[in-house]
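Undergrad: give the three-dimensional model of this entry:
(2 chains)
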Amino acid sequence: MSYESKTADFRAHIAAGGKVEASDWMPDEYRQAALRFIEMHANSEIMGALPEREWIARAPSLRRKLSLTAKVQDEVGHGHMLYRVAEDLGKSREAMIADLIAGRTKFHNVFHYPTYTWGDVGVIGFLIDGAALVTQKALLESSYAPYVRVLRRICAEESLHQRHGEDLVLELCAGSDEQRQMFQEAVNRWWEPVMQFFGPPSKPEGDVLLAWGLKTRTNEQLRQRFFDTYVPKLWDLGISVPDPALAFDDVAGEWRWTQPNWDTFWQVVKGNGPMTETRLAWRRWMHEAHGWVRETMDEPRLAA
Amino acid sequence: MERWEVFGKRTVDDPWTSVGAVHAPDDEMALLLAKEAFFRHGEGVDFAVVRLADMHIFGRPDLLAFATDKSYKLQSGYTGMGDKRRAAATRAQEAGAVVDRPRPVDKRALNPSHRRRDGAAGSEAAGSGAAGSGAEAVEGGGG
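TA: Numbering: from 1, shown residues only, chains lettered A, B, ... in the order given. Prediction:
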């Protein structure tokens, strides 16, 4: 059977809602797209743990410190589970980690930004985890079965994180004027990056991930779903969103909003964000400092 | 006779899931008995048996229990969210921070006061400043 006809069969399988296993034949384009997407997801879990990690030492109570530590541990775990899924597609974990810390591969835009106050931790735990949960839940419909299996577990843990984030936000919003202001200012700082997180409104016909069923929802569908859930919650807390156009349009049945600056978004994800170099430098240092652990784990194999 | 643990897959995409166990003298017999005991009603697309003696069992429940309070790792560690939401909304009202912008009808809200009272079309109709803004506390809290 020719490559073309195998690809046509594969396409029909996907179109009929079929799933793909690591050991199945797949077109090179599918393999590449799946690898790149899952690798970036893994990178983002690893790098996404860092902004919150910065707040473990500064958490306002022992309980918050413990919960934040447990959450950071979960996120790093997600990263490694996802690297395991990605490596079956043909790139070693070592190569993926080397590319990440050398700045050759991408991670999500929101993890390139600094955190200034405990309010930022609230935004990350409530809104960014919320945004991630919206996108990851939609990915449970993905055509790549090993990814879906690992996402089931990740989504369960992310919903706990999101709950923890909301709890933290409610505490701030029920608190003093200073605490409320601290959270409001954090929302103001993060709103544009959160809008950018979902990506530009994509044209379904030009999106390779949609074409292969790796994703089943457009960026805009996901962003609208995020608005549905989170904007009313913020407004109920008396927290405004720094987009004067943001409102639900009853006639259109969707939210109106203002496009962020997409040039900034591309600059940031290409590695020119305000904290990109600092966080990568930290990650590089940790990787080198803990090299002995990897060597120790490898020794039985080397001795054999 | 040895005990064999039986694992099934409901669909090809599912992971192996334990469905029960059988006693059998060898793997061939274990597969046959497992098929008759667990897979006669379309329960799945494949199954496997593993000799219990081949399973490495941890066997230390004491080491899985939390030595200290670790409820922050559980959903149940974050209870009373509805009360916390209402308290924060009341606090927002006290702080004079009311955001009144057009929003979708909350279909899931069971309490009618959680829904937009202006029906649907017009977004400015409610006037009171609390259109659909949730908890009674918001509406009652203004003074």
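
Undergrad: for the helix or strand that contains A:Gly130, give me every contacting residue.
TA: Using DSSP states H and E, A:Gly130 falls within helix A:129-139. Surrounding helix A:129-139, the residues in contact under the criterion CB atoms under 8 Å, 6 or more residues apart in numbering or on different chains are A:147-148, A:151, A:154-155, A:158-159, A:161-162, A:165, A:194, A:197-198, A:215-217, A:221-222, A:225-226, A:229-230. From N, CA and C alone the C-beta is placed, and that goes for glycine too.

Undergrad: which PyMOL command selects the buried ones in these?
TA: In PyMOL, a selection of the buried entries from the contacts of helix A:129-139 looks like this (16 or more other CB atoms under 10 Å in any protein chain shown):
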select buried, chain A and resi 147+148+151+154+155+158+159+161+162+165+194+197+198+215+217+221+222+225+226+230
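
Undergrad: can you narrow the contacts of helix A:129-139 down to the ones near chain B?
TA: Restricting the contacts of helix A:129-139 to those within reach of chain B (CB under 8 Å from any CB of the partner chain) leaves A:Val148, A:Ser159.

Undergrad: and the next helix or strand past the helix holding A:Gly130?
TA: Next along the chain from helix A:129-139, counting by DSSP H and E, comes helix A:145-173.

Undergrad: can you pull the buried residues of whichever helix or strand comes after that following helix?
TA: The helix or strand immediately downstream of helix A:145-173 is helix A:177-197, counting by DSSP H and E. Residues of helix A:177-197 classed as buried: A:179-180, A:182-184, A:186-187, A:189-197 (neighbour count, 16+ other CB under 10 Å).

Undergrad: ok, how many other residues are close to A:Tyr83?
TA: 23 (other CB atoms under 10 Å in any protein chain shown).

Undergrad: is it fair to say it lies in a helix?
TA: Yes - following the definition DSSP: H, G, I helix; E, B strand; the rest coil, A:Tyr83 is counted among the residues of a helix.

Undergrad: ok, now which ones touch it?
TA: Applying CB under 8 Å, 6+ apart, the residues near A:Tyr83 are A:Glu39, A:Ala42, A:Arg93, A:Met96, A:Ile97.

Undergrad: so what pLDDT did it get?
TA: Note for A:Tyr83: predicted pLDDT of 97.

Undergrad: and the gap between it and chain B?
TA: 19 Å (CB to the nearest CB, to the nearest Å).

Undergrad: which stretches in the chain count as helices?
TA: Picked chain A for this. Secondary structure of chain A (DSSP state H): helices at A:3-15, A:28-53, A:62-87, A:93-101, A:118-123, A:129-139, A:145-173, A:177-197, A:208-211, A:219-236, A:262-267, A:276-289, A:291-303.

Undergrad: can you look at chain B instead?
TA: Going by DSSP H, chain B shows helices at B:27-38, B:61-64, B:81-94, B:136-141.

Undergrad: for the longest one, buried residues please.
TA: Judged by neighbour count (16+ other CB under 10 Å), helix B:81-94 contains these buried residues: B:Lys84, B:Arg85, B:Arg86, B:Ala87, B:Ala88, B:Ala89, B:Thr90, B:Arg91, B:Ala92, B:Gln93.

Undergrad: same question, stretch A:223-240
TA: Result for stretch A:223-240 [16+ other CB under 10 Å]: buried residues A:223-228, A:230-240.

Undergrad: and if you look at stretch B:65-85?
TA: In terms of neighbour count (16+ other CB under 10 Å), stretch B:65-85 has its buried residues at B:Tyr72, B:Lys73, B:Gly77, B:Tyr78, B:Lys84, B:Arg85.

Undergrad: report pLDDT for the fifth one.
TA: Translated: B:Lys84. So, for B:Lys84, pLDDT stands at 94.

Undergrad: what's near enough to touch it?
TA: With CB under 8 Å, 6+ apart, B:Lys84 has these contacts: A:Asp167, A:Leu170, A:Glu171, A:Ala174.

Undergrad: go again with 10 Å.
TA: By CB atoms under 10 Å, 6 or more residues apart in numbering or on different chains, the contact set of B:Lys84 is A:Glu166, A:Asp167, A:Val169, A:Leu170, A:Glu171, A:Cys173, A:Ala174, B:Tyr78.

Undergrad: any chance of the residues you listed in CSV, with distance to A:Leu133 and pLDDT too?
TA: Output for those, formatted as CSV (distance: CB to CB, whole Å; pLDDT from 0 to 100):
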residue, distance to A:Leu133, pLDDT
A:Glu166, 11, 96
A:Asp167, 15, 96
A:Val169, 15, 97
A:Leu170, 17, 97
A:Glu171, 20, 96
A:Cys173, 20, 97
A:Ala174, 23, 97
B:Tyr78, 15, 90
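
Undergrad: out of the buried residues of helix B:81-94, which is nearest to B:Asp13?
TA: Nearest to B:Asp13 among the buried residues of helix B:81-94, counting by CB to CB, is B:Arg85 at 37.6 Å.

Undergrad: look up the closest residue to the closest one, ignoring the ones flanking it.
TA: Leaving aside its chain neighbours, B:Arg85 sits nearest to A:Leu170 (6.2 Å; criterion: CB to CB, 6 or more residues apart in numbering or on different chains).

Undergrad: what about the residue of the stretch 1-150 of chain A found nearest chain B, distance to A:Trp25?
TA: Residue nearest to chain B within the stretch 1-150 of chain A: A:Ser67 (3.7 Å; CB to the nearest CB). The gap separating A:Ser67 from A:Trp25 is 45 Å, by CB to CB, to the nearest Å.

Undergrad: which of the two has more neighbours?
TA: Counted by other CB under 10 Å, A:Ser67 and A:Trp25 do not tie: A:Ser67 has more neighbours, with 25 against 13.

Undergrad: can you pull the contacts of the more buried one?
TA: A:59, A:61, A:125, A:160-161, A:164-165, A:167-168, B:70-73, B:77-78 are the contacts of A:Ser67 under CB under 10 Å, 6+ apart.
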